[in-house]
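Asker: please work out how this folds:
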Amino acid sequence: MPGLRSGCARVVTVLVCAVVFLQAGYGSGSGITASPSSSVLPPTFVFAFVGGFVHRDDARHAEVRLIQRLREQYPRDVESLVFENRRYRDAYRMIRERLDVDHDGKLSDEEKQKARILLFGHSWGASAAVSLARSLERDGIPVLLTAQVDSVAKRGQNDAVIPANVREAVNFYQTAGLVHGRTKITAADPKRTKILGNFHLSYNQPLVGCRDYPWYDLFFTRPHTAIECDPKVWSQIESLVRNQLPDLGGQVVNEPSSASATAAGHR
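Answerer: Numbers count the residues shown, from 1 in each chain. Below is the predicted model:
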């Protein structure tokens, strides 16, 4: 019996210590040990916005095909999505939700600064990309890149001034036809945003890569359509985007892009 009482006393002592240990915060909750969710990083967001009334899965458009390639190559670490230009607020809500890695309903400064966001689009979609960046600026969320292709602003939008939360921005445009793009973008704060360039293009030759487009696009807005079909434009944008994505070794290139490289072939 004395041995039994001694064994029971040891069990009780162990249980009491365990309770005190957990209440002190040394278990799997708060305290010294970080919760599993705190180590989870949000993905890199690469969001494209299509122009006009184009549907987000219309693969005739170069920006849609670019996102498709990225989704195939980066199925986990990169959130690559296409949005209709009118749905940029949906993209905003998605970013906020995904950045909230601890799911407490609000974004800490640490969660905001972990954001890696790249935005681009054509026509109304280009303006939507800048509008999204401006919404993120109000929340203190940084954006790595905005790329505009023949940007056309909707009423109430400002696609000419790039908000200060954007690190780099580039603008490709043409000035012919019924619809043409923003000729110049500037930085709200040049110390924080690098404008890689405003690149003017002209299209006097037969269209390349636009055969499947609707006839009315090719007839009424031919130059505006041609710039969206231009493989050199999208090659430059893809290069800028991939510069911020993990390479095969899992590393991310964070060096600012070269404006001269972006301008290659666009004088």
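Asker: next, the buried residues of stretch 194-201.
Answerer: For stretch 194-201, a neighbour-count test (16 or more other Cβ atoms under 10 Å) marks Lys194, Ile195, Leu196, Gly197, Asn198, Phe199, Leu201 as buried. The C-beta positions use only the backbone N, C-alpha and C, and glycine is treated the same way.
Asker: columns secondary structure and distance to Val241 on top of the residues you listed, output as a markdown table?
Answerer: Written out in a markdown table, the entries for the buried residues of stretch 194-201 read as follows (DSSP: H, G, I helix; E, B strand; the rest coil; distance: Cβ to Cβ, whole Å):
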| residue | secondary structure | distance to Val241 |
| --- | --- | --- |
| Lys194 | strand | 16 |
| Ile195 | strand | 17 |
| Leu196 | strand | 13 |
| Gly197 | strand | 16 |
| Asn198 | strand | 19 |
| Phe199 | strand | 17 |
| Leu201 | coil | 19 |
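Asker: what's the closest of those to Ala59?
Answerer: When those are compared for distance to Ala59 (Cβ to Cβ), Leu201 wins out at 23.2 Å.
Asker: not counting sequence-adjacent ones, nearest residue to that closest one?
Answerer: Excluding its sequence neighbours, the residue lying closest to Leu201 (Cβ to Cβ, 6 or more residues apart in numbering) is Gln174, at 5.1 Å.
Asker: and for Val50?
Answerer: Gly125 (4.9 Å).
Asker: helices or strands up against whichever strand or helix holds the one you found?
Answerer: Assigning secondary structure by DSSP states H and E places Gly125 in helix 124-138. Here helix 124-138 touches strand 44-50, helix 88-99, strand 116-122, strand 143-149, going by 3 or more Cβ pairs under 8 Å, 6 or more residues apart in numbering; DSSP states H and E.
Asker: which parts of that helix are buried?
Answerer: Of all the residues in helix 124-138, those buried under the rule 16+ other Cβ under 10 Å are 124-137.
Asker: go on, stretch 145-162?
Answerer: Across stretch 145-162, burial judged by 16+ other Cβ under 10 Å covers 145-153, 157, 159-160, 162.
Asker: want to throw those into CSV with pLDDT and distance to Thr44?
Answerer: Listed next are those as CSV, based on pLDDT from 0 to 100; distance: Cβ to Cβ, whole Å:
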residue, pLDDT, distance to Thr44
Leu145, 98, 11
Thr146, 98, 15
Ala147, 98, 15
Gln148, 98, 20
Val149, 98, 21
Asp150, 98, 26
Ser151, 98, 23
Val152, 98, 27
Ala153, 97, 27
Gln157, 97, 25
Asp159, 98, 23
Ala160, 98, 27
Ile162, 98, 20
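Asker: for the residues you listed, which one is nearest Gln205?
Answerer: Asp150 (17.2 Å).
Asker: who touches that closest one in this structure?
Answerer: 122-123, 126, 172-174, 179-182, 224, 227-228 (Cβ atoms under 8 Å, 6 or more residues apart in numbering).
Asker: just give the closest residue to it, not the sequence neighbours.
Answerer: For Asp150, ignoring the flanking residues on the chain, the nearest one in space by Cβ to Cβ, 6+ apart is Gly181 at 3.3 Å.
Asker: that neighbour and Ser127 touch, don't they?
Answerer: No - in terms of Cβ atoms under 8 Å, Gly181 does not count as a neighbour of Ser127; the distance is 9.6 Å.
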